[in-house]
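[1] got a predicted model here, sequence first, then my questions.
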Amino acid sequence: MTSLDPEHQNSGHDYSKEFMGKFPVYPLIRTIRKDVEMNFDTALTWSQLSSPEVNFTVIRPLLFKYAALQNPAIIYVLLIVRSHFQSLADDDLAYAPIIATRADACELIAIKLLREFTNSQLELAAVLTTAWNPLQGAPADVVEIVKVDLGREQDDLDDPMNALEVAISTESKKFCSSPLVQTMMNNIWQGHIVFSSTSSHALVQDDYKTREIEFYDHRKAPFLDHYRLRVPRYRSIVDSVNFLILFIIFTICLSTKQFDQMIWTEVIFIVFMFGFMLDEFAATQEHGWSFYIANMWNGFDLAFIVIFLLYLGLRIHGLSSHDIGYSDLAFDILSCGACVLLPRLAFLPVSNTVVILALRGMIMDFIYFITLAAICFSGLLFTLHSLAGEKWPVKDIAWLMVQIWFGNTYLSFVQATSFHPIFGPILMTCFAALSNTLLITMLMSILSATFARINENATEEFLFQFTISTLEGVKSDAVLAYQPPFNLAAYAILTVLSFVLSPRTLHTVNVFMLRVTVRFLSHMSI
């Protein structure tokens, strides 16, 4: 039986980027896709795929075949093929159940095949965190054809991803919550295993010294080790403190507002927010939008940024035009940010509860349902406006419909004849009946089903979110190592210096600035 004890590690293996780059990826993608299509031609549930019959007749032969390849890219390839089948399932509804079964089969095989890479923790970490290019090992003519078909630049085409990032983008929650993956996530979260992630979209690329996957040894670590700023556990604590500081500055800014001029509290808030936005933008560049939005908390951050930008635009316009009305409106909009910022801060210590985990899915379902209902009833809005003419403006009709939607059916009978003596009562009665009985019942059923589904898989959902948070904490962008608002100065300085300094000198400057920042923050905390 294999052991994951660090004391039994085999340090003779090479997990460098150069060594991993020798394994073929593209031929393996074609092979696995054909194997899965050949062996799975019936729609099966996850429990049926996991049954002993399917396991011994289909899954195990494939496991023996792929294990014999001894290719560490196999986990990445299985998840890439899963994403391919997911795309096909969305485009072909007639065969969607069969194609979805093939996608699930790829995830199941990936989970079982992980056991072949447990000779050491470093081996397992290398398999999960090494960034692969899907065209690695492809013939030159194939690469050119793909480049022409996609119409992309070479930098975008060569942007690699690791197996964990693909698992998150494909929502492979069972894979992310499997014991071996979570063992590795805990080691990365605690900082016991360290590595440098790869990104070609970093705002400031400092990859002169790329750290290979290794165990952290505090006895060999330098004083004020700046690499510890990228440990997800410490990064999470620092981010929580940043949100607390942001909320305090936000509260002070609103309580000391002046419409005719900007005072120092407002300036500090704006500067801190620009640093916060730079941090969020760098995070989106690091892993991409699909990875970024998979974290439910990032939706709250984006909402607050939108509110801030609206406030800032109106505030600047009000000051430049000497119009107090715009400044008043700007602060009114900014005050709405408390509806997002305070829950974001309050949910940090209870982020693993079922209610919080279900919140994101329920909000998405609610928005989707309300949008569909609004589109459907837009025809009724136009009809009522046409019947009433100038007596009822569009905004008044829309507000009346909103009130009826949320239960004030009395208004539908009182105002019905004002639209039309015959059609008005008929239309308003139908709308009241649909909105207060059928649609509300459907909405409650959808939300209840969403909560029940997430509650049933609460542990799986939490571990999936934990995987996202852990990978987000491993940053390669030099800007992300600095905390707002110091990241603004760091971004400006490093961007300018990157044009005139060598990568080695730029790395030295970056390390020096990081250590100065850490020492300054340490003195401030004392």
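    That came through fine.

[2] find the nearest non-adjacent residue to L348, please.
    The spatially closest residue to L348, leaving aside those adjacent along the chain, is S240, at 5.4 Å (C-beta to C-beta, 6 or more residues apart in numbering). Placement of C-beta: from N, CA and C, glycine included.

[3] number of residues surrounding that neighbour?
    The tally of other residues near S240 (other C-beta atoms under 10 Å) stands at 13.

[4] in what helix or strand does it lie?
    Using DSSP states H and E, S240 sits within helix 232-255.

[5] and the next element down the chain from that helix?
    Next in sequence after helix 232-255, counting helices and strands by DSSP H and E, comes helix 264-287.

[6] buried ones in stretch 328-347, by neighbour count?
    Across stretch 328-347, burial judged by 16 or more other C-beta atoms under 10 Å covers 329-331, 333-334, 337, 340-341, 344, 347.

[7] revised request: answer the last question for stretch 497-511.
    For stretch 497-511, burial by neighbour count (16+ other C-beta under 10 Å) applies to 498, 506-507, 509-511.

[8] let's have those residues in TSV, adding secondary structure, pLDDT and distance to D35.
    Output for the buried residues of stretch 497-511, formatted as TSV (DSSP: H, G, I helix; E, B strand; the rest coil; pLDDT from 0 to 100; distance: C-beta to C-beta, whole Å):
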residue	secondary structure	pLDDT	distance to D35
S498	coil	81	46
L506	helix	81	46
H507	helix	76	44
V509	helix	83	51
N510	helix	78	46
V511	helix	76	47
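
[9] which parts of the protein are strands?
    Applying DSSP state E to the chain gives strands spanning 193-194, 214-215.

[10] list the helices and strands the last one packs on?
    Same thing as strand 214-215. helix 121-129, strand 193-194 (3 or more C-beta pairs under 8 Å, 6 or more residues apart in numbering; DSSP states H and E).

[11] where does this protein have low pLDDT?
    Along the chain, segments meeting pLDDT under 70 span 1-15, 149-159, 196-211, 221-227, 229, 287, 350-352, 475-480, 518-526.

[12] using the centroid of it, identify the residue furthest from it.
    Ranked by distance from the centre of the chain (C-alpha atoms, centre = their mean), the top residue is P421, with 52.8 Å.

[13] break the protein down into its structural domains.
    As assigned by automatic domain parsing, the chain contains the domains 6-187, 354-471.

[14] return the most buried member of these.
    Of the domains of the chain, the one with the most neighbours on average (mean count of other C-beta atoms under 10 Å) is domain 6-187, at a mean of 17.

[15] look up how far L411 lies from K395.
    15 Å (C-beta to C-beta, to the nearest Å).

[16] quick one: Q121 and I188 touch, right?
    No: between Q121 and I188 there is no contact under C-beta atoms under 8 Å: 10.4 Å.

[17] if we can go back for a sec, looking at the helices and strands packed on strand 214-215, which is closest to I59?
    Taking C-beta to C-beta, helix 121-129 is the member of the helices and strands packed on strand 214-215 nearest to I59, at 19.2 Å.

[18] what sits against the nearest residue to P97 once chain neighbours are set aside?
    Closest residue in space to P97, ignoring its immediate chain neighbours: A43 at 3.6 Å, by C-beta to C-beta, 6+ apart. Taking C-beta atoms under 8 Å, 6 or more residues apart in numbering, we find A43 in contact with 97-98, 100-101.

[19] just the closest of those residues to Y482, please.
    Closest to Y482, out of all of those and judged by C-beta to C-beta, is A100, at 43.3 Å.

[20] what's the spacing between the closest residue to that closest one other than its chain neighbours and T170?
    Take A100 and drop its neighbours on the chain: the residue closest to it by C-beta to C-beta, 6+ apart is A89, 4.9 Å away. Note on A89: its distance to T170, by C-beta to C-beta, is 12 Å.

[21] can you check I74 too?
    Separation of I74 from T170 (C-beta to C-beta): 16 Å.

[22] remind me what the helix of greatest length in the chain packs against, helices and strands.
    The helix that spans the most residues within the chain, counting by DSSP state H, is helix 354-388. Here helix 354-388 touches helix 296-321, helix 394-405, helix 416-419, helix 423-433, helix 440-456, helix 458-473, going by 3+ C-beta pairs under 8 Å, 6+ apart.

[23] now the angle from the second one to helix 423-433?
    Calculated by axes from the mean of the first three to the mean of the last three C-alpha atoms, to 10 degrees, helix 394-405 forms an angle of 50 degrees with helix 423-433.

[24] compute the inter-axis angle for helix 394-405 and helix 440-456.
    For helix 394-405 against helix 440-456, the angle by the same axes, to 10 degrees is 70 degrees.

[25] and the angle from helix 394-405 to helix 354-388?
    Between helix 394-405 and helix 354-388, the angle comes out at 130 degrees (the same axes, to 10 degrees).

[26] what of the last one?
    For helix 458-473 against helix 354-388, the angle by the same axes, to 10 degrees is 90 degrees.

[27] that older thread, in a markdown table: the contacts of A43, plus distance to R515.
    Shown next, in a markdown table, are the contacts of A43 (distance: C-beta to C-beta, whole Å):
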| residue | distance to R515 |
| --- | --- |
| P97 | 56 |
| I98 | 57 |
| A100 | 51 |
| T101 | 53 |
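
[28] just how off-centre is stretch 288-304 within its chain?
    Its chain's C-alpha centre and that of stretch 288-304 lie 5 Å apart, by C-alpha atoms, centre = their mean, to the nearest Å.
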